[in-house]
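# Dropping a prediction and its sequence here:
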Amino acid sequence: MRPPLSVGAVGQPRWLHPGAWWVWALGLATAASRTLNPLLLLVIIGVAAVVVSARRPDAPWARSFAFFVRLGILIIVLRVLVQLVLGAAIGTTTLISLPGIGLPDWMAGVRLGGPVTLESLLMALYDGLRLATIIICIGAANSLASPSRLLKSVPAALYEIGVSVVVALTFAPQLVADVTRVQAARHLRGRATRGPRAIAGAAMPVLEGALERSVTLAAAMDSRGYGRRSDTSARRRRAIAAVLLAGLVAACIGTYGLVAAGSTAALSGLMLLAGMSLSIGAIVWSARTAIRTRYRPDPWWLPEWLVAGSGIAVAVCCIATSWWFPAGMETPFDPPTWPSLPLLATLGLAIALTPAITAPPIPVPFVSAAMRAPDAVEVPA
Amino acid sequence: MIRFDDVSITYDGRTTPVLEHVDLHLREGELVLVVGRTGSGKSSLLQAINGLVPHFTGGTLSGRVLVDGRDTRTHPPRELADVVGVVPQDPASSFVADTVEEELAFGMECLGLPNDVMRRRVEETLDLLGLHELRSRPLLTLSAGQQQRVAIGAVLAAHPRVLVLDEPTSALDPSAAEEILAALQRLVHDLGITVVMAEHRLERVVQYADRIIIVPGDAQPVAIGTPQEMMRLAPIAPPVVELARAAGWHPLPLTVRDARRAAGPLRELLVGQPPPLRAVAPDGAGETLVQATDLSVRYGTRWALRGVSLSVGRGEVVALMGRNGAGKSTLLNAMVGLRTAASGSVMTHDHDPASLKGSELLQSVGLVPQQPGDLLEATSVADECRAADRDASVTPGTTRALLALLAPEILDGVHPRDLSEGQRLLLALAVVLAPRPPLLLLDEPTRGLDYPTKLRLVDALRDLARGGHGILLATHDVELAAEVATRVIVLADGEVVADGPTADVVVASPMFAPQVAKVLAPFPWLTVSDVITTIGPLILRTHAPISGDAVG
């Protein structure tokens, strides 16, 4: 066995532990959640984009980053539109005035149309940008870490749920293939392949096919030993699962309390601590009773520590900045001022950029053609 | 290794058992072939070995099944996973992981083997089945033959003592099938694994079997014996055995090699005899029904067809052959407008099929897809027939009448899903034929069909060709092609590599030659019935080697 802090062969291609990518991305997202500074938010998006472009494999699940970016833009546009039409006016710099509609008294506080001010637009823009940045950070994790590898690293107590989710994930592309096949069959019978009647006609065969396949799959999994148990009693297994679930819920609530402004930090911290220890206890307990083993588990070596650490660092830097120098994290929009870059947060973001170098390169078959070194490109004869 | 003691299986809601009083004893290191019609209880027999029957399927199993000393009554399938490995009919439906390597390891993970053992066994299995180059490939990108090998490897890696396979070669082209069978052969000989395998395509497997189990169905007694004993009497037999039976050769040859040794006198008898003509000349023969000109089709960056030119005329039965993934299905799809040409053109009756819609399309070309069940949406056979009449705008009752000709035993009230594989195919064929399309396309029609159903299909296709239809069928089944095709087209990598009369194309080909052609080469004979009709069974017998006089 290699020691836990093994560097691994430096520069040797391998998959980074998906958990490390998620810690990094959640760290970035936490940093984004603490600020309304558009410059800082744009830098966060930039950091995510640089790391993704450096370490994204060429696999179907990894192509989702562009989708998340588009989703982010949509969120910003929607947020601004909502502000334009419904939001209350802040500030005095009126840009244009939309025709307003008078609403009855009982809807006081809600407004339709009316003057649009620069200040309220800026506020909506910054707010939308913050949400978009968080979404883009999640997108980065999604395209850097394979969902099925992540699920394989779930603790033994959740193993069976993990396998079910992996199976469900592989079902989605098969369902798409089924729909194409059934539509082709409808074409062969001279029937419409679009429209509500086509969907209704295709639904039955597709669902029947999916059901039939899941029964076959269940039989195959059973035949291969899935669900073999050691001699632990069912009651004990259920107890483990319950403790783990309770622990995870407590940890989630605690994390939310810490991240969201305006709740008691001490209580949230305590909640997080209790939740974490419960979960870890349940995991250790269940690991003792499990008979399953894992093939080539992703190791957690130095690169994993560095990547996860950089995520934690950026989160800590931003939280610290927002506590001690809140001015830098907020950009006053009333009156509008040019945002500045707070030093500590910027330092954190620079650290968050390091996974582009410290994460090991991805295995060769998954390197996209555009990223391949020139000598690796086949020269046509 | 496997012992059935007085086993009877009755499914819930049925009054008669599928299998009754089965007594079997299979030894270690045996390759046992299970033969029987669709619905005869073959699959139930296989599934009883690892306890899927009755633990998973329900129903009642009386008697006792012992595998390696473990009783399936007290051991559900997962507790037998370390002894019995089961490869289901459609390997893709059993995949759990997303890459080859992880799929191979899944069973071992469930058994809780230590990591170093798993690493070693995955490597060994990759080598054993020639999968090492595919180790990190996603499973969905593999060809059918590769998927089948991965499915076998996935159960093999757990080192079971028994391997159970349900029709392992039915979806494979001849060379991929041979690869699988060679791998199984090696497992039996080198590792002493007991293999139990069901297969309809006897001509592919019978020579590898140590013993054969015949499941006659209708709860009649199951018989087991050596291939020689069983093939002498079996109602269904591969062509080489049929030829041997007609010629009275003894001992019964099971392989082409043995048959060739016995066939010397027969070949002498055939010198100068031309095989019967199979091209029939119906009315309007020669009229071209479909014409592909320099047709190319691509999926993204992959070209599935590259400059294909061919035509099918009235009264022709053309067999389209080639490896899995050679572009056969793509070509058929292009002919019904499901794929558009990247360059070149395909014309059915002076129309581009992609421009036709609804009943116009149905009246010019019909395609029976690989899974004929896809075509069927109604909840009863009668509804399906009525819907087909409506789709095609033909007189009500047309489809039902056609179906009565093709498969008289199918009842109106049955749900299409409850039909056997073969009956579903015939129903789909009736649906497609209702608008009387001059051009009929079939994609892998004999996949999973038993011999009797195949014979019915062959008769139906011959009648259709005689009636002036043009037929193009994509198939891996060399015996089917030998039986019905007037012309054979071979595709490789999206290009036409051979196009000519059946005998010219297949006789000299090691992959596509039917057994009779291999036995009687260099003479261009393709089927047993051709030989029998030409010289008569009586003459055959007098010149059999057993009588000792080899007169020329």
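Yep, that arrived.
# where exactly do the strands run in the stretch 351-500 of chain B?
When assigned using DSSP state E, counting those that start in this stretch, the strands of the stretch 351-500 of chain B occupy the ranges B:365-368, B:439-443, B:470-474, B:487-492, B:495-501.
# Could you dump those strands into a markdown table with mean neighbour count, distance to chain A and mean pLDDT added?
C-beta: built from backbone N, CA, C; applies to glycine. As requested, the strands of the stretch 351-500 of chain B are arranged in a markdown table below (neighbours: other CB atoms under 10 Å in any protein chain shown; distance: least, CB to the nearest CB, whole Å; pLDDT from 0 to 100):
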| stretch | mean neighbour count | distance to chain A | mean pLDDT |
| --- | --- | --- | --- |
| strand B:365-368 | 27 | 5 | 93 |
| strand B:439-443 | 24 | 10 | 94 |
| strand B:470-474 | 25 | 15 | 94 |
| strand B:487-492 | 22 | 20 | 94 |
| strand B:495-501 | 15 | 20 | 93 |
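# which stretch among those strands comes nearest residue A:272?
Of all the strands of the stretch 351-500 of chain B, the one in closest proximity to residue A:272, counting by CB to CB, is strand B:439-443 (59.0 Å).
# After the helix or strand containing residue A:166, heading C-terminal, what element do we hit next?
Secondary-structure element containing residue A:166, defined by DSSP states H and E: helix A:159-188. The element immediately downstream of helix A:159-188 (helix or strand, assigned by DSSP H and E) is helix A:196-223.
# Identify the spatial nearest neighbour of the residue of the stretch 301-450 of chain B found nearest chain A, chain neighbours not counted.
Using CB to the nearest CB, the single residue of the stretch 301-450 of chain B nearest to chain A is residue B:374, 3.9 Å away. Once its chain neighbours are removed from consideration, residue B:374 has its nearest residue in residue A:185; the separation is 3.9 Å (CB to CB, 6 or more residues apart in numbering or on different chains).
# centroid residue for chain A?
With distances taken as CA atoms, centre = their mean, residue A:138 lies nearest the centre of chain A, 2.7 Å away.
# My read is that that one contacts residue A:67, right?
No: contact between residue A:138 and residue A:67 fails when scored by CB atoms under 8 Å: they sit 11.3 Å apart.
# now the end-to-end length of stretch B:51-69.
One end of stretch B:51-69 sits 13 Å from the other (CA to CA, to the nearest Å).
# still on that earlier bit, how about the contacts made by the residue nearest to residue B:374?
By CB atoms under 8 Å, 6 or more residues apart in numbering or on different chains, the contact list for residue A:185 reads A:205, B:369, B:374-375.
# and if you look at residue B:187?
Residues near residue B:187 by CB under 8 Å, 6+ apart: B:128, B:156, B:163, B:193, B:195.
# okay, now the closest residue to the second one other than its chain neighbours: neighbour count?
Just to be clear, that refers to residue B:156. Leaving aside its chain neighbours, residue B:156 sits nearest to residue B:125 (5.7 Å; criterion: CB to CB, 6+ apart). Neighbouring residues of residue B:125 were enumerated by other CB atoms under 10 Å in any protein chain shown; the total is 26.
# go on, the one 10 residues further on?
Counted by other CB under 10 Å, the residues lying close to residue B:135 total 15.
# in what helix or strand does the nearest residue to it once chain neighbours are set aside lie?
Across the structure, with CB to CB, 6+ apart as the measure, the residue nearest residue B:135 apart from its sequence neighbours is residue B:101 (4.8 Å). Here residue B:101 sits within helix B:100-111, counting by DSSP H and E.
# Need the three-state assignment for residue A:345.
Under the three-state scheme (DSSP: H, G, I helix; E, B strand; the rest coil), residue A:345 adopts helix.
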